[in-house]
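Q: this is a predicted model, with the sequence first.
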Amino acid sequence: MTDLAWIETALTGARPQAMGALLRYFRDLDRAEEAFQEACLRAMKTWPVKGPPRDPAAWLIFVGRNAALDGVRRDSRNTALPADEAISDLGDAEADMAERLDDSHYRDDILRLMFICCHPDLPATQQVALALRIVSGLSVREIASAFLVNEKAMEQRITRAKRRVSEANVPFAAPDAVERSERLAAVAAMIYLVFNEGYSASGGDVHVREPLCEEAIRLARLLLRLFPAEPEIMGLLALMLLQHARTAARLDTEGNIVLLEDQDRSLWNRDKITEGLALVDKAMRHRKPGPYQVQAAIAALHARAAKPEDTDWQEINLLYQMLERLQPSPVVRLNRAVAVFKLQGPEAALLLVDPLEDRLSNYFYFHGVRGALLMELGREAEARTAFDKAISLARTPAEAAHIRQHIDRLMAEGKAKVQAKSA
Amino acid sequence: MLYAILCYHDEDVVMSWSKAEDDAVLAKRKRVQKDFVEHGGKMGPAIRLVPTTGATTIRTAGDEQLVLDGPFAETKEQLLGFYLVDCKDLDEVIDFAKRMKEGESCTFEIRPVQIFEEGTLPEKVKIAS
């Protein structure tokens, strides 16, 4: 790794902590960002010469704060503060700063920084864009290309989102236990949104956008290090690791979606699976089940099955029932229907699926699953209608192509039957 | 003499490596290991641990053994050794570890293993030869 690459990693790693502290100090996102930018510029100049500081985040906070204050003082024609070279040699000033950062302060700083991106008025995509900009430090250009919009539109979107959160007045006092756990839940949901934005693009050609998934995993890891005894955060990290482990097997060479049961399991990332399984195991010991833990446990059962036929559908069905109790949703019911299909056949599954029509009629997967079940039951015409509906709702070419494969199979099987009759 | 080589690095840095970068590091080390063994060197297991977020720590507090989530993080104590065990789940390891450290003030850190390579040590190893 070159020096500059190392510095970049250190800056990215230190960003949430440094931004969180600067935000607490300035109580203004734009000023905190400017201060952080300035500190990064100085780090790029100073670190290659002086070597990296012992605690990059403390260095950036100190230099960023001074740079901003320096600006204010220059404006008011006061004496400037000493140059940052003076504090880059691990002097007393930094030691003092680092000590203050060691208390639980910075935990709440980072949580607050993430939490302001989760304002309930912000639509999901804006929460994700804001988090990628503020917490992860991706450039507007990078975020725009991930969302397949032009840079200017994304700039406006982020500016609007920032204005909205600054009007929201998130309190800067240390949160109490209840507030802290509410913030943690909101932040976990936001991180999972970032992951899903990468895992299943909400539009455009690229179905899997790995960097977003990896960023979500990095943020969850950070959160778990700050709150090491939260089983739901263990569950969230495990869930994302276990899903992300399948990335290499999810699309074939032509970019078509490969269903879980058809995936080449030797392509699954064993390291991520091991880590995910260890985290599920660790979370379970707390006996405090939550939606992320249950979903992670389901993903773990898939990961444990060496062959699709080894899958423990009985247990998966039970876990989906548990998930329905914790977080009732038609989408969860739809997923459970797949387990019921494996255990009891298409008829029983369709009985679960059909009543969901009202609530899921605009959901791609609803029509996909329903079509596949109807096909199993030999109700070809209805299956065809369901697949057509699914194609019209597909968000990516890969999704549409996947349903078209089903239709092709349907047509081929139909033909085969006709041939059988005439023979 | 039997030696353990312990690997330390910044977890954030290692986890920011791409698959290709990580593979390159492991491949480079593999070449050295292969050369070492081919020239009569004896090598036991090589292990990579799951990141510290997967760690569990058992501490003694008074008469109690506390099981805590997270890695061991105390600078005044040093790593003095380790065991390698194969258990069905975390509960079983914790139980075993608790029984071993009973009456002791030491701390045990339990870390799941991510990569395990058996190595070529003969079954009976003399610690010093």
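A: It's in. Residues are numbered from 1 along each chain as shown, chains lettered A, B, ... in the order given.

Q: where does chain B come near chain A, residue by residue?
A: Residues of chain B lying close to chain A (CB under 8 Å from any CB of the partner chain) are B:12-13, B:15-16, B:21, B:50-54, B:56, B:68-70, B:89-91, B:112-115. Backbone N, C-alpha and C define where each C-beta goes, glycine included.

Q: list buried residues within the residues you listed.
A: Neighbour-count burial (16 or more other CB atoms under 10 Å in any protein chain shown) is assigned, among the residues of chain B next to chain A, to B:12, B:15-16, B:50-54, B:56, B:68-70, B:90, B:112-114.

Q: mind listing residues that contact the worst-scoring helix or strand of chain B on mean pLDDT?
A: Across the helices and strands of chain B, mean confidence by mean pLDDT, DSSP states H and E is lowest for helix B:11-15: a mean of 81. With CB atoms under 8 Å, 6 or more residues apart in numbering or on different chains as the test, helix B:11-15 has contacts from A:1, A:6, A:9-10, A:13, A:218, A:221, B:22, B:51-52.

Q: go ahead and build a ChimeraX selection from the buried members of the residues you listed.
A: In ChimeraX, selecting the buried portion of the contacts of helix B:11-15, with burial taken from 16+ other CB under 10 Å, looks like this:
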select /A:6,9,10,13,218,221 /B:51,52
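
Q: make CSV out of the contacts of helix B:11-15 and add secondary structure.
A: Below are the contacts of helix B:11-15 laid out as CSV (DSSP: H, G, I helix; E, B strand; the rest coil):
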residue, secondary structure
A:M1, coil
A:W6, helix
A:T9, helix
A:A10, helix
A:G13, helix
A:R218, helix
A:R221, helix
B:D22, helix
B:P51, coil
B:T52, helix
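
Q: which of the contacts of helix B:11-15 sits closest to A:E382?
A: Taking CB to CB as the measure, A:E382 lies nearest A:R218 of those, at 45.1 Å.

Q: from A:L242, how far out is that closest one?
A: 16 Å (CB to CB, to the nearest Å).

Q: for A:L193, grab the count of nearby residues.
A: Neighbour count for A:L193, taken as other CB atoms under 10 Å in any protein chain shown: 19.

Q: likewise for A:V194?
A: A:V194, neighbours per other CB under 10 Å, totals 27.

Q: ditto for B:C106
A: Neighbourhood size, B:C106 [other CB under 10 Å]: 12.

Q: leaving out chain neighbours, which residue sits closest to it?
A: B:T60 (7.4 Å; CB to CB, 6 or more residues apart in numbering or on different chains).

Q: part of a strand, is the one you found?
A: Yes. B:T60: assigned to a strand according to three-state DSSP.

Q: quickly list what it is bridged to.
A: Beta-bridge partners recorded for B:T60 (DSSP bridges): B:Q65.

Q: now do the same contact list for it.
A: Contact partners of B:T60, counting by CB under 8 Å, 6+ apart, are B:66, B:101, B:104-107.

Q: what pLDDT does it get?
A: If you check B:T60, the pLDDT there is 90.

Q: list the contacts for the residue sitting nearest the centre point of chain A?
A: With distances taken as CA atoms, centre = their mean, the residue of chain A nearest its centroid is A:F195 (2.2 Å). Remark: with contacts taken as CB under 8 Å, 6+ apart, A:F195 is in contact with A:212-213, A:216-217, A:240, A:243-244.

Q: which one of those residues sits in the busiest neighbourhood?
A: Most crowded among these, counting by other CB under 10 Å, is A:M240 at 30 neighbours.

Q: I figured it hits A:I217, correct?
A: Yes. If you go by CB atoms under 8 Å, A:M240 and A:I217 touch, sitting 5.2 Å apart.

Q: bridged to B:D69, which residues?
A: B:T56.

Q: any figure for the gap between it and B:L84?
A: 22 Å.

Q: what residue spans form the domains of chain B?
A: Per automatic domain parsing, the structural domains of chain B span B:1-49+B:114-129, B:51-111.

Q: name the stretch among those that sits most buried.
A: Neighbour counts averaged per stretch over the domains of chain B are highest for domain B:51-111, at a mean of 14; criterion: mean count of other CB atoms under 10 Å in any protein chain shown.
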